[in-house]
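Engineer: here is my input; please provide its structure:
(one chain, ligands or ions: 2)
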Amino acid sequence: MTVHFPFQNSYSALPDSFFARVAPTPVAAPRLIKLNRPLAVQLGLEPDMLETPEGAAILAGKTVPAGADPIAMAYAGHQFGQFVPQLGDGRAILLGEVIDRDGIRRDIQLKGSGPTPFSRRGDGRAALGPVLREYIVSEAMYALGIPTTRSLAAVVTGEHVIRETALPGAVLTRIASSHIRVGTFQFFAVRRDTDAIRRLADHVIIRHYPELRDVQRPYQALLAGVVARQADLVARWLLVGFIHGVMNTDNSSISGETIDYGPCAFMDAYNPSQVFSSIDEMGRYAYANQPRIALWNLTRLAECLLPLFSDEQEKAVAEAQDILGAFSDQFSAAYQAGLRKKVGLFTERDGDEALIQDLLDAMAKNQADFTLTFRKLGDAAVDDSADARAQFIEPAAFDEWAGRWRTRIALEPQTAAERQSAMHAVNPMFVPRNHRVEAVIQAAVNDDNYAPFEELVKVLAKPFDDQPDYAAYADPPLPDQRVLRTFCGT
Ligand code: AMP
Ligand code: MG
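Structural biologist: Ligands and ions are numbered 1, 2, ... in the order given. Below is the predicted model of the structure:
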């Protein structure tokens, strides 16, 4: 018996300048610590086979499966606003693509599988902590209904990686509808390789925006499509309190999926200027800055596409500006619609936006927990306000607001129970809180104990269910449990 991957590779058929052919570097003693069995089935893989030693060897990069065409993808990118003309997969290798059960093409990528020609000074490896973090958070995002790359497996390598100290090495198998980034376009734009930009854009249209194939101006439509998906994505992030942490253009996906879970975090207390990432000293990627940054990244994409728009520079720029101009309204529409649902409004009326903003302002002033305030507001809809008001340092601030909210919801015909269940369907009980993620990582790294990891992953798979047995996972950190800084961990 061999492990079969039904590869149908397309990216590795693009011109040589798009990637470097490179095999993963074998590791000493691979051990599978987690396989995402439902995802394996979705991808047309056999979970039982992946759990054999042969499967673990593949997921660790020790064996290359038949049909794989391993490559490291080339890309450039703006990192914290500074342009780097060559980044590329320095510690990731794309094994190939499969068509999943829904007919969608998916990349299967090993992250932490050894050096590539793009590694620069890095070792091409990943430490166990960041691998577990990405597994937990990406799968939590998926369960929350947010477009994201996913995690198929985590393997420890049996080797150490040297960071500030020696840490256990690990490999994550990441699944994405593609790993094409804004930075992939920038790689060719800075080289003035218009043919390559066109090839890449055509590939992206077929793969991610097939409905645009036969439109009049496909490249303008492509930009508009990416703008729309990014506007929607960032709105969804804000609506669950997610902070990506490192929204560089190389971490900004063309498909509209959340990609690259480095120093990301969910906030506990609502604070629009919240930053967790240790390397984000200026707060460039703070929670409330994310829409602005997404637009900044899309503007960099637009610059790359200008040569495809028109030979006349001025005309091309005007078209790009017009398309980018839609971002702000698209983001606001998605964000405001999401907020209305979060506070249980079924209809739209004058004054709603101000009412909701007043709640957010009161939450910020009172350090109210973002997740629990909205979750418990659902219970307040059935007249049980105790838990919602308890989130506020001064519960009177909640009471004052709730009075106005009750007047507003009374204008709608829905019953209290209907409103509560609609609110609970959009306001999660469970998100991957930093202190929980850290505790899981510590148990795995220090004690080789994966039981806490398994339990956290299980709870986060059903974020909208009450799960009374796991109620403690909904709790914010105690003061001494607070995690104030998160690290890229590269
Ligand atoms: P990231 O911050 O993870 O988005 O990575 C930025 C760039 O650094 C990408 O080109 C990565 O491939 C590269 N990189 C990150 N960590 C490593 C590593 N341990 N070894 C080699 N390259 C790395
Ligand atoms: Mg990256």
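Engineer: only C-alpha atoms from now on, for both contacts and neighbour counts.
Structural biologist: Will do.
Engineer: for the stretch 151-300 of the chain, what lies in contact range of ligand 1?
Structural biologist: residue 251 (CA under 6 Å from any ligand atom).
Engineer: now the strands for the stretch 151-300 of the chain?
Structural biologist: All strands of the stretch 151-300 of the chain, identified by DSSP state E, counting those that start in this stretch, fall at 166-176, 242-243, 265-266.
Engineer: any idea how far ligand 1 is from residue 330?
Structural biologist: 27 Å (CA to the nearest ligand atom, to the nearest Å).
Engineer: in which helix or strand does that residue reside?
Structural biologist: Assigning secondary structure by DSSP states H and E places residue 330 in helix 326-342.
Engineer: the following helix or strand past that helix versus helix 326-342: what angle between them?
Structural biologist: The helix or strand immediately downstream of helix 326-342 is helix 352-365, counting by DSSP H and E. Between helix 352-365 and helix 326-342, the angle comes out at 80 degrees (axes from the mean of the first three to the mean of the last three CA atoms, to 10 degrees).
Engineer: pLDDT on helix 352-365, on average?
Structural biologist: Helix 352-365 shows a mean pLDDT of 98.
Engineer: does anything pack onto it? Which helices or strands?
Structural biologist: Counting contacts by 3 or more CA pairs under 8 Å, 6 or more residues apart in numbering; DSSP states H and E, helix 352-365 packs against helix 326-342, helix 395-409.
Engineer: where does pLDDT dip in this protein?
Structural biologist: 1, 489-490 (pLDDT under 70).
Engineer: closest to the centroid, which residue in it?
Structural biologist: residue 258 (2.8 Å; CA atoms, centre = their mean).
Engineer: mind checking the longest helix of the chain?
Structural biologist: Criterion DSSP state H: the longest helix present in the chain is helix 218-240.
Engineer: just the angle for that one relative to helix 326-342, thanks.
Structural biologist: Interaxial angle, helix 218-240 versus helix 326-342 (the same axes, to 10 degrees): 30 degrees.
Engineer: packing partners of helix 218-240?
Structural biologist: By 3+ CA pairs under 8 Å, 6+ apart, helix 218-240 packs against helix 194-208, helix 290-309, helix 313-324, helix 326-342.
Engineer: dump those helices into TSV; add mean neighbour count as well.
Structural biologist: As requested, the helices and strands packed on helix 218-240 are exported to TSV (neighbours: other CA atoms under 10 Å):
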stretch	mean neighbour count
helix 194-208	17
helix 290-309	21
helix 313-324	16
helix 326-342	18
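Engineer: sorry, back to before: go ahead and confirm the residue nearest to the centre of the chain touches residue 145.
Structural biologist: No - using CA atoms under 8 Å as the test, residue 258 is too far from residue 145 to be in contact (11.4 Å).
Engineer: mind listing what residue 427 touches?
Structural biologist: Going by CA atoms under 8 Å, 6 or more residues apart in numbering, residue 427 touches 240, 342, 371, 374-375, 464.
Engineer: go on, residue 310?
Structural biologist: Each residue near residue 310 by CA under 8 Å, 6+ apart is listed here: residue 316.
Engineer: what's the domain layout of this protein?
Structural biologist: 11-179, 183-335 (automatic domain parsing).
Engineer: now the end-to-end length of the last one.
Structural biologist: The separation between the terminal residues of domain 183-335, taken as CA to CA, to the nearest Å, is 26 Å.
Engineer: and if you look at stretch 171-180?
Structural biologist: End-to-end for stretch 171-180, by CA to CA: 21 Å.
Engineer: what sits up against that stretch?
Structural biologist: So stretch 171-180 is contacted by 59-60, 104-113, 125-126, 128, 131, 135, 148-157, 208, 253-255, 257 (CA under 8 Å, 6+ apart).
Engineer: based on its surroundings, how many neighbours for the residue of the stretch 251-400 of the chain found nearest ligand 1?
Structural biologist: Nearest to ligand 1 in the stretch 251-400 of the chain, going by CA to the nearest ligand atom, is residue 251, at a distance of 5.8 Å. Residue 251 has 23 neighbouring residues, counting by other CA atoms under 10 Å.
Engineer: quick one, what contacts residue 190?
Structural biologist: Contacts of residue 190 by CA under 8 Å, 6+ apart are residue 85.
Engineer: state the distance from it to residue 378.
Structural biologist: Taking CA to CA, one finds residue 190 at 50 Å from residue 378.
Engineer: having no further points to raise, I will conclude here.
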